[in-house]
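Asker: Sequence plus the predicted model coming up.
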Amino acid sequence: MDQPNDQSRALLPEHVNRVDLALATWLHAKAGRSGSRETRLAYAATISTFRKLVLDAGLDLDGDGVAITLLAQQWAGHGEPAPATYNRRLAILSSFYRYAAQQRLLPTDNPITRVERRRVESYAGAQPLDAGDMKDLLKQIDRTTPTGARDYALLAVALQTGRRLSELAALRWSALRIGSDGRVQIHWRRTKGGKVMYDTLPLPLSTALLHYLHRAYGPALGDLPHDAAIWRSFSRNGSQGKALGIQSIADICEKRLGTSKVHTLRHTFARVMEDSGAKVSDIQARLGHASLSTTGRYLAALNRADNAHAESIASRLGLDL
């Protein structure tokens, strides 16, 4: 590959550490692409732990490629991680080295390409919740209180739109548009992959969301700043009035629905769409998947516990009570 040329070296003061520069500019580029502070922090933490291992070995990230490859393999497998976690660790390292190579910041190729990835079953952990159970659990929420009104609206929006946890947490007042018919349109300015998405909520859900917002903000609702939080904290622990964080939303999901895995609501949304007769292409569009094949594999994983012939098998084998 091309090496950093003399001109590019001359542009930097001698005291500038090229690895530090590569890391800083890579993280800045990643944050600009995803728009997620959480993503930037996760990438920074991951690369920092790997760099510490490399430094302890007497090298840095621009060191001997063969050594870096072997260290990456060792580091990614630390703690006996699941295959998906192992591969994700390597993907972050590979992203850094690709960026550094493209920008000619380091005199090395991408040593992570030589580390063999582990086999992962697509969407192995995808498990939707039962739609009937969801309906009953949502009905149990006391919506006469500000907290109950918020929790119902939050979970209902998640189930109706299939949006991810980070996207729900980032929702702000400027993303909402209220139509003349009372329906609320949500503008998701940055979803996974930098995509822009829109959802128009059904009238009953729009009413529930606006009811909660009136409870949360009162007369000030019409004059809210653009960055006002949609999901507001009512806790008295110093966070009152602030936006709910990712952990708080997960806690609400666990309290109300029995699972802290908010992504399960996305699985449930997709399953209910399919059960409602939606075409795979429609489900793909709502989920924001890049291809039909991705959505097909996803739906197959959600349905893997179902056997259309299960009742017939039980009957023929006499497996009844």
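Answerer: Noted; the coordinates are in hand.
Asker: Okay, domains of this protein per the record?
Answerer: Annotated domains of the chain cover 6-114, 131-302 [automatic domain parsing].
Asker: The ones you listed: which one's closest to residue 315?
Answerer: domain 131-302 (24.0 Å; Cβ to Cβ). C-beta coordinates here come from the backbone N, C-alpha and C atoms, glycine included.
Asker: Make JSON lines out of the domains of the chain and add distance to residue 308, mean neighbour count and mean pLDDT.
Answerer: What follows is those, written out as JSON lines (distance: least, Cβ to Cβ, whole Å; neighbours: other Cβ atoms under 10 Å; pLDDT from 0 to 100):
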{"stretch": "domain 6-114", "distance to residue 308": "29", "mean neighbour count": "15", "mean pLDDT": "87"}
{"stretch": "domain 131-302", "distance to residue 308": "13", "mean neighbour count": "16", "mean pLDDT": "92"}
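Asker: Can you lay out those domains as TSV showing distance to residue 310?
Answerer: Shown next, in TSV, are the domains of the chain (distance: least, Cβ to Cβ, whole Å):
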stretch	distance to residue 310
domain 6-114	29
domain 131-302	17
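Asker: do you know which of the ones you listed lies nearest residue 120?
Answerer: Closest approach to residue 120 among the domains of the chain is made by domain 6-114 (4.6 Å; Cβ to Cβ).
Asker: Run the chain-centre distance for that closest one.
Answerer: 22 Å (Cα atoms, centre = their mean, to the nearest Å).
Asker: again with stretch 200-207
Answerer: Taking Cα atoms, centre = their mean, one finds stretch 200-207 lying 24 Å from the centre of the chain it belongs to.
Asker: contact partners of it?
Answerer: 153, 156-157, 160-161, 178-179, 181-186, 209 (Cβ atoms under 8 Å, 6 or more residues apart in numbering).
Asker: Need those in TSV (columns: distance to residue 46).
Answerer: What follows is the contacts of stretch 200-207, written out as TSV (distance: Cβ to Cβ, whole Å):
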residue	distance to residue 46
153	34
156	34
157	31
160	33
161	29
178	41
179	43
181	47
182	45
183	41
184	37
185	36
186	31
209	36
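Asker: Tell me the one of these nearest residue 80?
Answerer: residue 161 (36.1 Å).
Asker: Distance of the nearest residue to that closest one once chain neighbours are set aside relative to residue 43?
Answerer: Spatial nearest neighbour of residue 161, excluding adjacent residues (Cβ to Cβ, 6 or more residues apart in numbering): residue 199 at 4.5 Å. Distance, residue 199 to residue 43, by Cβ to Cβ, to the nearest Å: 28 Å.
Asker: Then residue 262?
Answerer: For residue 262 relative to residue 43 (Cβ to Cβ), the value is 21 Å.
Asker: One more: residue 287?
Answerer: Taken as Cβ to Cβ, the span from residue 287 to residue 43 is 24 Å.
Asker: now residue 230
Answerer: 26 Å.
Asker: Please report how far residue 218 lies from residue 232.
Answerer: From residue 218 over to residue 232 (counting by Cβ to Cβ), the distance is 12 Å.
Asker: Touching both of the two, which residues are there?
Answerer: Joint contacts of residue 218 and residue 232 (Cβ under 8 Å, 6+ apart) do not exist.
Asker: can you map out the strands along the stretch 101-250 of the chain?
Answerer: Ranges of strands within the stretch 101-250 of the chain are 176-178, 184-188, 197-200, based on DSSP state E, counting those that start in this stretch.
Asker: Relative to residue 249, which of those strands is closest?
Answerer: Comparing these under Cβ to Cβ, the one sitting nearest is strand 184-188, at 15.5 Å.
Asker: Which neighbouring elements make contact with the closest one?
Answerer: For strand 184-188, the packing partners by 3 or more Cβ pairs under 8 Å, 6 or more residues apart in numbering; DSSP states H and E come out as strand 176-178, strand 197-200, helix 203-217.
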